[in-house]
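> Okay, here's the prediction I keep looking at, along with the sequence it came from:
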Amino acid sequence: AQSVTQPDIHITVSEGASLELRCNYSYGATPYLFWYVQSPGQGLQLLLKYFSGDTLVQGIKGFEAEFKRSQSSFNLRKPSVHWSDAAEYFCAVGANLENTGNQFYFGTGTSLTVIP
Amino acid sequence: NAGVTQTPKFQVLKTGQSMTLQCAQDMNHNSMYWYRQDPGMGLRLIYYSASEGTTDKGEVPNGYNVSRLNKREFSLRLESAAPSQTSVYFCAIATGNQPQHFGDGTRLSIL
C-alpha cells in the first residue's frame, strides 16, 4: 500500500539557517512526488514536484528537493530560511492506479517555526 | 486559491443537522477530491470523483455523501452532523498526473 511518512512533527530553525524536512514514501512503482506548503487558514500551495529525470528539483520560494530512490526519500531543503517560511509542510505521493485513477497520499505534515 | 472555490468558508452546526459543502472549479480538470484535515493527521481522503458521473469512497467516507453534479461541481453532504466531523474540509482537483489544486477550505464546527 502507498504511504508517506514525515518523521518530524515540528521543527524550529533560526532565520537565515538552513532547513531540511524529511519525507519517506512507500510505493511499488515510480512515484510522482510533491511538496506543499500551508499557511494558517489557507489551502495547500504546491512548492515543487518530481515526475522523472533530474533527481534534484527546484521549486518556488527558493526551495528544492532531492529524490533518492534507494532511500525512498524526497527531502525538502532551503539554504537560508526566512521568517515568512513559517508554515505547515506536506509531502505527497501521486499514484496512477489502474482501477481507481489518480490518487494522492499525504504525510501528516511538519510544522516549521522560524525564530528571529 | 484560483480555480477552486469552496462555499461556505465557515459553518457552525448543531449535532444532527445536515448541510452541503460546495466545490466548484474553473480549470476543466477531470478529477475532484474531498479531504478533511485534523491536527496531527494530515489530509484524509473522504470521497473522490475520477470523472464526471463517477464517485468513489476514500479513507474516511462514513457519515458523508457526495454528488458530482457536472464536470465543474462536486458537493459533500453531511446528513446528520456529529461532533467528530468538526474539521477543516478541502476540495481539490487534478488532471492526469499533474499535482492537485486546492481550495481555501471550509471550517466546520459541530456543537
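Right, received. Where do you want to start? Numbering: from 1, shown residues only, chains lettered A, B, ... in the order given.

> tell me the pLDDT at the spatially closest residue to A:Gly94 that is not a sequence neighbour?
Distances taken as C-beta to C-beta, 6 or more residues apart in numbering or on different chains put A:Tyr32 closest to A:Gly94, at 3.6 Å, once the chain neighbours are dropped. To be clear about C-beta, it is placed using only N, CA and C from the backbone, and glycine gets the same treatment. Looking at A:Tyr32, its pLDDT is 89.

> who touches A:Tyr32 in this structure?
A:Lys49, A:Tyr50, A:Phe51, A:Val93, A:Gly94, A:Ala95, A:Asn96, B:Asn97, B:Pro99 (C-beta atoms under 8 Å, 6 or more residues apart in numbering or on different chains).

> For chain B, which residues are neighbours of chain A?
Within chain B, the positions lying close to chain A (C-beta under 8 Å from any C-beta of the partner chain) are B:1, B:4, B:31, B:33, B:40-43, B:45, B:48, B:50-51, B:56, B:90, B:92, B:94, B:96-97, B:99-105.

> any chance you could map the strands in chain A?
In chain A, the strands defined using DSSP state E lie at A:3-5, A:10-14, A:19-21, A:24-26, A:32-38, A:44-50, A:56-58, A:64-68, A:73-78, A:87-97, A:101-106, A:110-115.

> Just the residues contacting stretch A:109-116, thanks.
A:6, A:8-15, A:19, A:21-22, A:38, A:81-83, A:85-90, B:40, B:42.

> let's go with 6 Å and repeat that
A:6, A:8, A:10-12, A:14-15, A:21, A:81, A:83, A:85-86, A:88-90, B:42 (C-beta atoms under 6 Å, 6 or more residues apart in numbering or on different chains).

> re the thing from before, which one of the contacts of A:Tyr32 is nearest A:Val57?
The nearest member of the contacts of A:Tyr32 to A:Val57, counting by C-beta to C-beta, is A:Tyr50 at 5.0 Å.

> avg pLDDT for the host helix or strand of B:Phe90?
Here B:Phe90 sits within strand B:87-94, counting by DSSP states H and E. Averaging pLDDT along strand B:87-94 yields 95.
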